[in-house]
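Peer 1: Here you go, sequence then predicted model.
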Amino acid sequence: MSKTTAISPADGPIAVTGASGYIGSWIVRDCVEQGYTVRACVRDASNGDKVDHLKALNDQGLRGSVELHEGDLFKKGSYDAAFKGCAAVIHAGAAVGYNNETPQEVYDGCFTECEHVLESAIAGGKLRRFVFTSSFAAVGHPRPEGYVFTEKDWCGDNIEAYNGRWTDEMISQNRDIAYAMAKKNTEKLIYARAEQEGTFEAMAILPLHVIGPLMCKNHDQGWSWQNCMRYMLQGKPYKKSAGGRMLWNNTDVRDCARAHRLAAESTKAHNGSRYILSAADRDGELYTWQLQAMMKSLFPHVKDIGGEEMDGDVPAKPTRESPRAYCLLAKQELGLTTYPIEDTVRATGDSYFELGIIPS
Ligand SMILES: NC(=O)c1ccc[n+]([C@@H]2O[C@H](COP(=O)([O-])OP(=O)(O)OC[C@H]3O[C@@H](n4cnc5c(N)ncnc54)[C@H](OP(=O)(O)O)[C@@H]3O)[C@@H](O)[C@H]2O)c1
């Protein structure tokens, strides 16, 4: 491809799927701030709980504007009208498999959704960039403790060393492997399709633990990382891992959102570029007990903050030192700047109080 496919607001509207979601909403906000006309794709434009915060962006004196469009990821062609003439499509929508889907359904769903979105994006006639919200799951795989993952890693790598635990055969048996393999194989599919088409380039953002402020109450989705922090702020233990032990490798939702737009605009990003969105350095990596201690110092008015099983002042058991990864490439190639971790943790908690999800 001789000419760059990088876009700017002058190239026409852009569309965002999953626009009502936690990451999608911040992508919409960032793009509107930068002067884009954003077609925010939601399932139900009449559901105020999910879209009022998006509509409100038009009343804030921002440079761009937002229009709501309806579409369903599982309905072929349902984005055709929304994507017509769009210079870029940012695909942040997903049915992420917390609704009793089988692992195979999680895996198949990701392709079906992406195929529908991509075909509508190409049919729109002006597509230059397709940015997919993949996941760090498409990178991580069993490695020795402390191993630092980069964008060169793919889940499913190094199978021999781990007794074949991450093979395609495992997809139907394990939801996490199904999700990871789906993201990985969907990435490969969009890069191949862009190569074959030759008129646009595809790239992916690979977030790790996304936390940061919620724009509306609906962003407090059960089992999300932000929702886990909410429970900690309400004095409950961290519930997603044994004893609450986990290495939180955090990215701010606002940085994650900005990285999507920067990928669409970057002349360095190219077809197949992938960017891990995680801690920028070790400060952003926190064991649960460290996150808990930070929350205690940032929210001194909260009486009891839950988290990890402790033995006095020290963790009851050590935490596995994984996953380690840093969003260096996004900083180098996309020019991304990132929020300090204290700002992110503070803004997450503040939004829970401001939205009244946690009573003050
Ligand atoms: N949050 C993280 O830590 C994290 C980490 C890595 C990767 N990711 C990826 O980031 C993306 C966004 O995640 P999120 O955290 O923002 O989740 P979220 O808040 O649950 O947002 C998901 C969005 O997808 C939409 N959606 C679901 N099913 C749909 C369907 N059938 N048709 C149309 N839209 C549908 C939802 O719309 P409704 O409002 O109508 O339900 C919502 O807008 C996902 O691809 C996820 O895999 C997230």
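Peer 2: That came in fine, so what should we check first? Residues are numbered from 1 along each chain as shown.
Peer 1: show me where this structure has helices.
Peer 2: For the chain, the helices defined by DSSP state H occupy 22-33, 48-55, 80-83, 103-123, 175-197, 225-233, 253-265, 288-298, 328-334, 341-354.
Peer 1: Of the ones you listed, which is nearest the ligand?
Peer 2: helix 22-33 (3.6 Å; Cβ to the nearest ligand atom). To be clear about C-beta, it is placed using only N, CA and C from the backbone, and glycine gets the same treatment.
Peer 1: Just the residues contacting the closest one, thanks.
Peer 2: 14, 16-19, 38, 40, 53-54, 57, 62-66, 90, 92-93, 133, 207, 210, 212, 214-216, 219, 221, 224, 226, 253-254, 256-258, 260-261 (Cβ atoms under 8 Å, 6 or more residues apart in numbering).
Peer 1: separation between the spatially closest residue to residue 16 that is not a sequence neighbour and residue 46?
Peer 2: Leaving aside its sequence neighbours, residue 16 sits nearest to residue 90 (Cβ to Cβ, 6 or more residues apart in numbering; 4.7 Å). Noted for residue 90: a distance of 23 Å to residue 46, by Cβ to Cβ, to the nearest Å.
Peer 1: quick one on the thing from earlier: across the sheet, point out what pairs with the residue nearest to residue 16.
Peer 2: residue 16, residue 131 (DSSP bridges).
Peer 1: just use 19 as the starting number from now, easier for me
Peer 2: Done: numbering now begins at 19, and the last item shifts to residue 108.
Peer 1: Tell me the pLDDT of it.
Peer 2: At residue 108, the predicted lDDT confidence score is 98.
Peer 1: for the one 5 residues further on, same thing?
Peer 2: The pLDDT attached to residue 113 in the predicted structure is 87.
Peer 1: related to what we said a few turns ago, to residue 334, which of the helices of the chain lies closest?
Peer 2: For residue 334, the closest of the helices of the chain is helix 306-316, at 9.3 Å, according to Cβ to Cβ.
Peer 1: what distance separates the closest one from the centre of its chain?
Peer 2: Mean-position distance between helix 306-316 and its chain equals 23 Å (Cα atoms, centre = their mean, to the nearest Å).
Peer 1: the inter-axis angle of it versus helix 359-372?
Peer 2: With axes from the mean of the first three to the mean of the last three Cα atoms, to 10 degrees defining the directions, helix 306-316 sits at 70 degrees from helix 359-372.
Peer 1: still on that earlier bit, adding mean neighbour count, mean pLDDT and distance to the ligand as columns, could you present the helices of the chain in JSON lines?
Peer 2: As requested, these are arranged in JSON lines below (neighbours: other Cβ atoms under 10 Å; pLDDT from 0 to 100; distance: least, Cβ to the nearest ligand atom, whole Å):
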{"stretch": "helix 40-51", "mean neighbour count": "26", "mean pLDDT": "98", "distance to the ligand": "4"}
{"stretch": "helix 66-73", "mean neighbour count": "17", "mean pLDDT": "98", "distance to the ligand": "5"}
{"stretch": "helix 98-101", "mean neighbour count": "20", "mean pLDDT": "98", "distance to the ligand": "11"}
{"stretch": "helix 121-141", "mean neighbour count": "20", "mean pLDDT": "94", "distance to the ligand": "7"}
{"stretch": "helix 193-215", "mean neighbour count": "20", "mean pLDDT": "95", "distance to the ligand": "7"}
{"stretch": "helix 243-251", "mean neighbour count": "21", "mean pLDDT": "98", "distance to the ligand": "5"}
{"stretch": "helix 271-283", "mean neighbour count": "26", "mean pLDDT": "98", "distance to the ligand": "8"}
{"stretch": "helix 306-316", "mean neighbour count": "19", "mean pLDDT": "98", "distance to the ligand": "15"}
{"stretch": "helix 346-352", "mean neighbour count": "19", "mean pLDDT": "98", "distance to the ligand": "14"}
{"stretch": "helix 359-372", "mean neighbour count": "19", "mean pLDDT": "98", "distance to the ligand": "12"}
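Peer 1: I am finished for the moment; much appreciated.
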